[in-house]
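Engineer: Okay, predicted coordinates and the sequence, questions at the end:
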Amino acid sequence: MGGYHQRNKRWIKMKLKGLYLVTPDYSGDWIINATERAIKSGVDILQYRDKTSTFRDKLAIGKKLASICHDYSVPFIVDDDPVLMDILGADGIHIGKDDVPFDYVKSKYPDHIIGVSTYGSIKDALLYQKLGADYVAFGSFFPTKTKDDATICDINVLKGIGPINIPVFVIGGISRENIDLVLKYGISGIAVVSAIYSHNDIEDQVSYFKSKLIEYGKN
Ligand SMILES: Cc1ncc(COP(=O)(O)OP(=O)(O)O)c(N)n1
Ligand SMILES: Cc1nc(C(=O)O)sc1CCOP(=O)(O)O
Ligand SMILES: [Mg+2]
């Protein structure tokens, strides 16, 4: 069952780079407004991640976010849940070590974007690349308040991402203060939550991150 926003999957997969915004747990419609402001300012990819809402509420919230992404031609990724992805007509899913198996998602949704967390493992990133993942995410390299069970990894692992030829994103505690420490590596982009949603000037923060991504040739 497809959702109401089906798009050319090949075209949308070409957009997997730059500034990847991940939503905080839903705490009100301010998040919808903040997300649209961030996307209007240049966010390249959006992920709806919500660990507290009911499935029904996630459907309602996700439809609003899907519509914004559709309006601005931004890839819309859903965290963890392939059924939610399917009903929302999202472009893809992000899965980690505790989520639905990669093989299941790939077999059921062969054309959707599948992003995989590989934390600090080059070996895992190469495995999922071989299995057909569309991007991988490394991190956290810095402390984060957003994901309480985040594993802190050694940033030096990024020295070894050369053999990975799918997009590599970095996530976890990314800020203005540490962004240069990750952008100097051959990554494709950064994924952030609080650096944007907790900032008092969303447009300015997005513009800053975009300028840094351009400075390092990532956008
Ligand atoms: C872009 C991106 N990177 C990493 C994650 C973390 O995924 P996971 O380890 O499955 O943890 P939860 O987000 O499910 O708590 C992500 N969601 N997005
Ligand atoms: C969703 C997520 N995954 C992580 C991982 O380590 O895999 S860290 C994280 C939260 C990132 O939020 P912030 O930008 O506010 O630190
Ligand atoms: Mg997950």
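Structural biologist: Structure's in. What do you need? Ligands and ions are numbered 1, 2, ... in the order given.
Engineer: lowest confidence element among the helices and strands of the protein?
Structural biologist: helix 9-13 (a mean of 78; mean pLDDT, DSSP states H and E).
Engineer: Can I get the longest helix along the chain in CSV, CA atoms only?
Structural biologist: Secondary structure of the chain per DSSP state H: the longest helix is helix 55-71. Extracted C-alpha coordinates of helix 55-71, given in CSV (Å, rounded to 0.1, in the frame of the first residue of the first chain):
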residue,chain,number,x,y,z
PHE,A,55,1.2,5.3,16.0
ARG,A,56,-2.0,7.2,15.2
ASP,A,57,-0.5,10.5,16.3
LYS,A,58,2.7,9.7,14.3
LEU,A,59,0.4,9.2,11.2
ALA,A,60,-1.1,12.7,11.7
ILE,A,61,2.3,14.3,12.5
GLY,A,62,4.0,12.4,9.7
LYS,A,63,1.5,13.5,7.1
LYS,A,64,2.2,17.1,7.9
LEU,A,65,5.9,16.6,7.6
ALA,A,66,5.6,14.5,4.4
SER,A,67,3.6,17.3,2.8
ILE,A,68,6.3,19.9,3.6
CYS,A,69,9.0,17.6,2.2
HIS,A,70,7.0,17.0,-0.9
ASP,A,71,6.4,20.8,-1.4
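Engineer: what's the helix or strand for Pro163?
Structural biologist: Secondary structure assignment for Pro163, by DSSP states H and E: no helix or strand.
Engineer: List the residues that contact it.
Structural biologist: By C-beta atoms under 8 Å, 6 or more residues apart in numbering, the contact set of Pro163 is Ile122, Leu126. The way it works is simple: take the backbone N, C-alpha and C, and place the C-beta from them, glycine included.
Engineer: Which residues of the protein lie near ligand 3?
Structural biologist: Counting by C-beta under 5 Å from the ion, the residues of the chain close to ligand 3 are Asp80, Gly96, Asp99.
Engineer: And the nearest residue to Phe142 once chain neighbours are set aside, how close does it get to Asp204?
Structural biologist: Closest residue to Phe142 apart from its sequence neighbours, by C-beta to C-beta, 6 or more residues apart in numbering: Gly173 at 3.1 Å. Going from Gly173 to Asp204 by C-beta to C-beta, to the nearest Å gives 20 Å.
Engineer: Can you pick out the residue with more neighbours from these two?
Structural biologist: The neighbour comparison of Gly173 against Asp204 (other C-beta atoms under 10 Å) goes to Gly173, with 22 against 11.
Engineer: Please state the backbone phi and psi of the nearest residue to Gly160 once chain neighbours are set aside?
Structural biologist: Setting aside the residues directly before and after it, Gly160 is nearest to Ile122 in space (C-beta to C-beta, 6+ apart), at 4.7 Å. Per-residue torsions, Ile122: phi -60, psi -40 (degrees, to the nearest 10).
Engineer: what's the neighbour count on Ile122?
Structural biologist: Here the count is done by other C-beta under 10 Å, and Ile122 has 18 residues near it.
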